[in-house]
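A.B. asks: sequence? don't have it. structure:
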């Protein structure tokens, strides 16, 4: 069931967002969620770019303090290709366009960086996310056995050729 799209704005992930992002990590990824140290190390790495999604009226509603992060995404660029490091939307906001907006931001940033391709891994049982990635033009390359730990879950590796695909799909729905 697709709910109404939500008006969302993206902004850079800030250290003040860490607690909320880690809450979302636990909600979405359970035992495999990133820890505070893992998140801090990731953000400090070279070539990283992270954004968060919040309701468009968050600044007016909540002021400049802690605002309600409802999604987040990040990528790593090594000078040639980009890699989606994470993408997540709070469960109560899924199927409302948030994941689609975050993914489009990653694709756009990858193009700005002149990456040739964008890669990602996704759990083989995450049908909604796989469908979203395929709508954007990602193709399955193979399977990484037991990629997600400690759950022992397999992951599809997927690739989007940025030279071939110029825009993400505008089909309705969102699942990430």
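C.D. replies: Sure, I can see it. Since the structure is predicted, the reported quantities are computational estimates derived from the model, not experimental observations.
A.B. asks: mind listing what's buried in stretch 47-60?
C.D. replies: Applying a neighbour-count criterion of 16 or more other Cβ atoms under 10 Å, the buried positions in stretch 47-60 are 49-55, 58. (Glycine included, C-beta is placed from N, CA and C.)
A.B. asks: I'd like the mean pLDDT over it, please.
C.D. replies: Averaging pLDDT along stretch 47-60 gives 85.
A.B. asks: ditto for stretch 100-119
C.D. replies: The model assigns stretch 100-119 a mean pLDDT of 97.
A.B. asks: quick one: residue 133 and residue 122 touch, right?
C.D. replies: Yes. Here residue 133 lies in contact with residue 122, judged by Cβ atoms under 8 Å, at a distance of 6.4 Å.
A.B. asks: Between the two, which contacts overlap?
C.D. replies: Common contacts of residue 133 and residue 122 (Cβ atoms under 8 Å, 6 or more residues apart in numbering): residue 158.
A.B. asks: next SSE after the helix or strand of the chain with the lowest mean pLDDT?
C.D. replies: Sorting the helices and strands of the chain by mean pLDDT, DSSP states H and E puts helix 58-62 at the bottom, at a mean of 63. Counting by DSSP states H and E, the element after helix 58-62 in chain order, helix or strand, is strand 71-77.
A.B. asks: how far out from the middle of the chain is that next one?
C.D. replies: Computed by Cα atoms, centre = their mean, to the nearest Å, the chain-centroid distance of strand 71-77 equals 6 Å.
A.B. asks: ok, and for it, which residues are buried?
C.D. replies: Here strand 71-77 shows 71-77 as buried, counting by 16+ other Cβ under 10 Å.
A.B. asks: do stretch 114-131 as well
C.D. replies: 115, 117-124, 126, 129-130.
A.B. asks: could those residues go into a markdown table alongside distance to residue 104 and secondary structure?
C.D. replies: A markdown table is the format used below for the buried residues of stretch 114-131 (distance: Cβ to Cβ, whole Å; DSSP: H, G, I helix; E, B strand; the rest coil):
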| residue | distance to residue 104 | secondary structure |
| --- | --- | --- |
| 115 | 15 | coil |
| 117 | 16 | strand |
| 118 | 11 | strand |
| 119 | 17 | strand |
| 120 | 14 | strand |
| 121 | 19 | strand |
| 122 | 17 | strand |
| 123 | 21 | strand |
| 124 | 24 | coil |
| 126 | 19 | coil |
| 129 | 14 | helix |
| 130 | 17 | helix |
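A.B. asks: ok, those residues vs residue 94, which is closest?
C.D. replies: Of all the buried residues of stretch 114-131, residue 129 has the smallest distance to residue 94: 9.8 Å, by Cβ to Cβ.
A.B. asks: All set, thanks.
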